Each structure stands twice: as structure tokens, then as C-alpha cells.
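Trainee: What follows is a predicted structure for the sequence shown.
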Amino acid sequence: MSTICHDALARIAVLDLDGWAGLPTCTLVDVEAVWRPSEAAGRPVALGRETAEARHFDTGSGWVRVWSRDGTVVLIDVDGPLEVDVAALGEPDAHVMAHVGFASYPDGELVFAARGLAVGVAPESGVVVYAAVFAPCSADDYTARLQVDRKQRPIPMGGAHGL
């Protein structure tokens, strides 16, 4: 494992986003060498308009979700509430719709695409409800390939078997 990947994973574990410049190239093998995987196997899930494998890992400071394609980590996210100084992050490259459970916040996800960082903020409270790190890209590439669909959908009466 590269020192750069190891150092990035250590920063993510404690949510040290000050000066974050993007997720370096890391593999699932790299992540498994540093963090403990959950008992559940990874599963294919939509990430942006593509599919990625999602798996939970215990960082020692909390749980994160690691998204990979062909064994390469493409995004790591963590749910909040989180202690992140949003003002210190500066001006985002884009604002997009944030979904948290059944709530939706127009412009609530701040995308710092050139720095490989996105944070979801509940506007009424200013609470950071999630954060995601990834390799630097354009805002359009982030929404197309990397944005996590966090929208909860109600299960129809009669249960999920009717879907």
C-alpha cells in the first residue's frame, strides 16, 4: 500500500478534511489492511448512473461506506451528524439536491469536486449530515458517476415483496 493511500485513510477515519485535496488511488486490499470490514459482503449498488460495490468498514473511530469499481476505491462516505467546519471549506464548485432519509434539501449538498469532497448540510440547523471523499473531478462527473442516492423511498403497503 502506498503511504499516500494510508495517510488519506487515516485522515478520513478522523474526518480531517482541512486542506483535503482528493482521494488518492487506493484499492479494496489497501482499505482491508487498515480498516475492519463488516460481516456483510459488499453488494452492487447504483452510484451516480453507474454501479459500484458498497461495503461498510470500521475505521476504529466509526463506520464508513467504501464504494469500489473493479477493486479500486472510487468514493468513501460517512453519515452524520458530523463535526465539519463547512465555512472553512470555502466556496463549493456546485450545490446539488441533498437527500437525507425522507427529507430533501435543494442546494443542500456542497460539492467541492476539484478537491474530491462533498458534504450534505441540513439548512435549518447547519448540521453536516454526511460527507464523501473521492478523486478530484468535475462537478458534472461527480453527479454522473459518484453521487450517492440517499433518498429513502417508502415501502408500499403489503411490504417490499410487492416491488
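Mentor: Great, that's in hand. The structure presented is a predicted model; accordingly, all values stated were derived computationally and were not measured.
Trainee: Please name the bridge partners of T27.
Mentor: Beta bridges link T27 to T72 when assigned by DSSP bridges.
Trainee: quick one: contacts for it?
Mentor: By Cβ atoms under 8 Å, 6 or more residues apart in numbering, the residues touching T27 are S68, G71, T72, V73. Every residue, glycine included, has its C-beta placed from N, CA and C.
Trainee: Next: F134.
Mentor: Going by Cβ under 8 Å, 6+ apart, F134 touches G22, L23, V74, L75, I76, G116, L117, A118, Y142, L146.
Trainee: Checking A88 next. Helix, strand or coil?
Mentor: Following DSSP: H, G, I helix; E, B strand; the rest coil, the label given to A88 is helix.
Trainee: can you tell me how far A41 sits from A54?
Mentor: As judged by Cβ to Cβ, to the nearest Å, A41 and A54 stand 10 Å apart.
Trainee: For these two, indicate the residue with more neighbours.
Mentor: A54 (19 against 8; other Cβ atoms under 10 Å).
Trainee: would you turn the contacts of F134 into a markdown table with secondary structure, pLDDT and distance to A132?
Mentor: Compiled in a markdown table, the contacts of F134 are given as follows (DSSP: H, G, I helix; E, B strand; the rest coil; pLDDT from 0 to 100; distance: Cβ to Cβ, whole Å):
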| residue | secondary structure | pLDDT | distance to A132 |
| --- | --- | --- | --- |
| G22 | coil | 97 | 12 |
| L23 | coil | 98 | 9 |
| V74 | strand | 98 | 10 |
| L75 | strand | 98 | 6 |
| I76 | strand | 98 | 7 |
| G116 | coil | 98 | 9 |
| L117 | strand | 98 | 7 |
| A118 | strand | 97 | 5 |
| Y142 | helix | 97 | 9 |
| L146 | helix | 96 | 8 |
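Trainee: Show me which of the residues you listed is closest to H95.
Mentor: A118 (10.4 Å; Cβ to Cβ).
Trainee: how about the helices in the protein?
Mentor: Remark: helices assigned in the chain by DSSP state H are 3-13, 28-34, 139-141.
Trainee: and V129, which of these is closest to it?
Mentor: Comparing the helices of the chain against V129 with Cβ to Cβ, the closest turns out to be helix 3-13 (17.0 Å).
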